[in-house]
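Undergrad: From the sequence below, what's the structure:
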Amino acid sequence: MLKINKNITAKALLKDCENVFSAAGPKIKSILKSNLKETPVFTIKGKYTQRGWTEWTQGFQYGCAILQYDATNEPEYLKIGRDNTLHNMAHHISHIGVHDHGFNNTSTYGNLLRLMHEKRIPYNEWEKNFYELALKITGAVQASRWMSLPNNLGYITSFNGKHSLFSDTIRSCRALAVSHQLGHILMSEQDEKVNLLKRLLQHAETTARFNVYFGKNRDAYDVPGRVVHESVFNTANGVYRCPSSQQGYSPFTTWTRGHAWILAGYPEQIEFLETLSEKEFSNILPGVFKNKKQVIDRFLEVAEVTAEFYIRETPIDGIPYWDTGAPGLSRLGKYLERPADPYNKEEPVDSSAAAIAAQGLIRLGQYFNDKKQVAKGSRYLKAGLTVAKTLFQEPYLSFDPNHQGLLLHSVYHRPNGWDYIHKGQKVPNGEACMWGDYHLMELALLIARMSNQQPYYQFFVCK
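TA: Model prediction:
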């Protein structure tokens with residue numbers, strides 16, 4: 001169980017945040033110099049390589065450079081991020097084969113637009129229009145990957161096909177949110193105008209009903225807060241078939257990165273929803289949500305139950321093993337009562353899941369603090385900061401100039417055997433992934449801004 005440091009503050013982590021960006025800069029340039037022909041995904045022996053599955057990580061590569069500029073004001077990183085977004089990201093906007101639009105395009109075009117609104121980069125109307133058009137289209141393309149279900153529900157289909165609902169996608173719904181914020185709609189057959197906020201809410205509610213377990217009613221047999229990676233539906237009539245897992249141990253255990261996507265996705269979407277007017281929720285999903293409060297209460301229910309699961313099912317330092325039901329955990333003894341061991345012989349940890357989850361915990365805590373619910377706010381905020389403190393130190397943060405990864409001990413696809421296992425080791429460790437590096441930097445930027453009383457870091461533009 002996570003041992004929450006009740007005395008920790010964001011300000012106390014400011015130096016650690018600075019260390020993250022000090023380590024990140026040379027690695028960003030090193031990856032760029034490698035001239036990889038395809039998108040970097042994860043490291044093998046400290047060097048980033050590709051793994052063809054889907055194109056979902058390039059936005060993280062160039063997004064890291066943009067975040068580096070955000071944190072340091074060093075113009076060379078802005079140039080790297082801006083130039084590569086211009087020259088290499090266009091095909092990701094119109095990529096109809098993936099659900100990952102928020103990962104690729106909000107991390108690049110979205111961050112650049114945000115910096116312009118914050119007056120961190122010079123204002124240029126045509127450059128702003130360029131970023132906005134990219135974000136409008138990427139959200140619409142994401143929304144077009146749609147499977148309708150009975151009772152006014154539905155979901156953005158994963159790259160596996162129309163039958164597949166991934167937990168990952170809720171975090172990538174950043175694209176839908178920003179596109180809606182910019183006033184865009186999806187034009188469909190017979191000139192049907194599709195409301196992107198409606199699709200976001202439908203997807204979020206469907207994910208909550210089928211991918212998250214609450215320990216009551218339908219889920220009485222299960223534990224509260226457990227998350228399944230994938231739900232499978234009958235494409236002929238939309239009937240739910242079964243849970244599944246692509247990257248976890250089984251459909252009846254919790255793959256911790258899938259869990260982290262949920263834990264991060266719902267709290268930050270709550271922040272976005274709070275900026276919308278009550279009118280936008282009027283009659284948007286009859287039979288599902290009556291008003292804005294009901295929507296936010298539902299999102300909070302998901303966020304809290306998954307936050308409590310994370311706190312309960314993670315070792316005391318806040319770093320989870322790759323799946324809470326992985327069979328080797330039984331041979332580790334009381335592993336939840338001591339810090340995670342990335343070098344153990346049974347099961348790998350996943351630091352990338354921790355980096356994603358920590359941000360969700362912090363955002364949930366901030367939300368409750370803003371609502372004057374201090375007990376909950378303090379619990380979740382300090383839980384997130386406790387996890388961040390672990391990640392910002394060795395053996396997770398890498399200062400090695402010969403290693404291109406920033407956040408070590410992450411896992412990509414354990415069931416497929418894609419993760420590199422070093423000689424003399426029995427499980428993957430010591431390697432990094434593009435999403436882990438990006439989310440570590442995003443976590444550090446969030447905390448640094450909180451420490452310096454700068455504008456709160458959000459994926460959407462605050463007008």
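Undergrad: What mean pLDDT does stretch 137-154 get?
TA: Stretch 137-154 carries an average pLDDT of 97.
Undergrad: the strands in the chain, which residues?
TA: Counting by DSSP state E, the chain has strands at residues 42-44, 47-49, 146-149, 153-156, 164-166, 186-187, 193-194, 230-233, 240-244.
Undergrad: average pLDDT for the fifth one?
TA: Confidence for strand 164-166, expressed as mean pLDDT, is 98.
Undergrad: packing partners for that strand?
TA: Here strand 164-166 touches helix 196-211, strand 230-233, going by 3 or more CB pairs under 8 Å, 6 or more residues apart in numbering; DSSP states H and E. Just so you know, the C-beta spots here come from the backbone N, C-alpha and C atoms, and that holds for glycine as well.
Undergrad: Can I get those in TSV including mean neighbour count?
TA: Formatted as TSV, the helices and strands packed on strand 164-166 follow (neighbours: other CB atoms under 10 Å):
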stretch	mean neighbour count
helix 196-211	23
strand 230-233	22
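Undergrad: Tell me which of those approaches residue 456 most closely.
TA: Residue 456 sits nearest to helix 196-211 of all the helices and strands packed on strand 164-166, at 21.0 Å, using CB to CB.
Undergrad: which residues does the closest residue to residue 227 other than its chain neighbours contact?
TA: Spatial nearest neighbour of residue 227, excluding adjacent residues (CB to CB, 6 or more residues apart in numbering): residue 259 at 4.2 Å. Counting by CB atoms under 8 Å, 6 or more residues apart in numbering, residue 259 touches 167, 226-227, 306, 309-310, 353, 357.
Undergrad: ok, residue 259 to residue 228 distance?
TA: 9 Å (CB to CB, to the nearest Å).
Undergrad: Going by neighbour count, list what's buried in the lengthiest helix in the chain.
TA: Criterion DSSP state H: the longest helix present in the chain is helix 292-313. The neighbour-count check on helix 292-313 (16 or more other CB atoms under 10 Å) flags 292, 295-296, 298-300, 302-307, 309-311, 313 as buried.
Undergrad: pLDDT (mean, whole number) over stretch 35-52?
TA: Averaged over stretch 35-52, pLDDT sits at 91.
Undergrad: Please compute how far that stretch lies from its chain's middle.
TA: 20 Å (CA atoms, centre = their mean, to the nearest Å).
Undergrad: shaky segments in the stretch 51-200 of the chain?
TA: Where the stretch 51-200 of the chain drops to pLDDT under 70, the residues are 52.
Undergrad: mind listing what residue 145 touches?
TA: So residue 145 contacts 96, 99, 156-157 (CB under 8 Å, 6+ apart).
Undergrad: Show me which of those are buried.
TA: For the contacts of residue 145, a burial check counting by 16+ other CB under 10 Å picks out 99, 156-157.
Undergrad: Using a markdown table, please lay out the residues you listed together with distance to residue 243.
TA: Written out in a markdown table, the entries for these read as follows (distance: CB to CB, whole Å):
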| residue | distance to residue 243 |
| --- | --- |
| 99 | 18 |
| 156 | 18 |
| 157 | 16 |
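Undergrad: And the residues you listed, which is closest to residue 432?
TA: Nearest to residue 432, judged by CB to CB, of those is residue 99 at 23.5 Å.
Undergrad: which one is residue 257 nearest to, not counting chain neighbours?
TA: With CB to CB, 6+ apart as the criterion, residue 257 has its nearest non-adjacent residue at 4.2 Å, and that residue is residue 353.
Undergrad: Hmm, residue 263 and that neighbour touching each other?
TA: No - judged on CB atoms under 8 Å, residue 353 makes no contact with residue 263 at a distance of 9.2 Å.
Undergrad: ok so, going back, against residue 226, how distant is the residue nearest to residue 227?
TA: 8 Å.
Undergrad: and for the two, which residues touch both?
TA: Residues touching both residue 259 and residue 226 by CB under 8 Å, 6+ apart: residue 309.
Undergrad: hey, C-alpha coordinates of stretch 284-298 in PDB?
TA: C-alpha atoms of stretch 284-298 as PDB (Å, rounded to 0.1, in the frame of the first residue of the first chain):
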ATOM      1  CA  ILE A 284     -27.000  16.200 -24.500                       C
ATOM      2  CA  LEU A 285     -27.500  12.500 -23.400                       C
ATOM      3  CA  PRO A 286     -31.100  11.800 -22.500                       C
ATOM      4  CA  GLY A 287     -31.400   8.800 -20.300                       C
ATOM      5  CA  VAL A 288     -27.800   9.000 -19.200                       C
ATOM      6  CA  PHE A 289     -27.000  12.500 -17.800                       C
ATOM      7  CA  LYS A 290     -29.500  15.200 -16.800                       C
ATOM      8  CA  ASN A 291     -27.100  18.100 -16.200                       C
ATOM      9  CA  LYS A 292     -23.500  19.100 -15.800                       C
ATOM     10  CA  LYS A 293     -23.400  18.200 -12.100                       C
ATOM     11  CA  GLN A 294     -24.400  14.600 -12.800                       C
ATOM     12  CA  VAL A 295     -21.700  14.300 -15.400                       C
ATOM     13  CA  ILE A 296     -19.000  15.600 -13.100                       C
ATOM     14  CA  ASP A 297     -20.200  13.500 -10.200                       C
ATOM     15  CA  ARG A 298     -19.900  10.400 -12.400                       C
END
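Undergrad: Much appreciated, bye for now.
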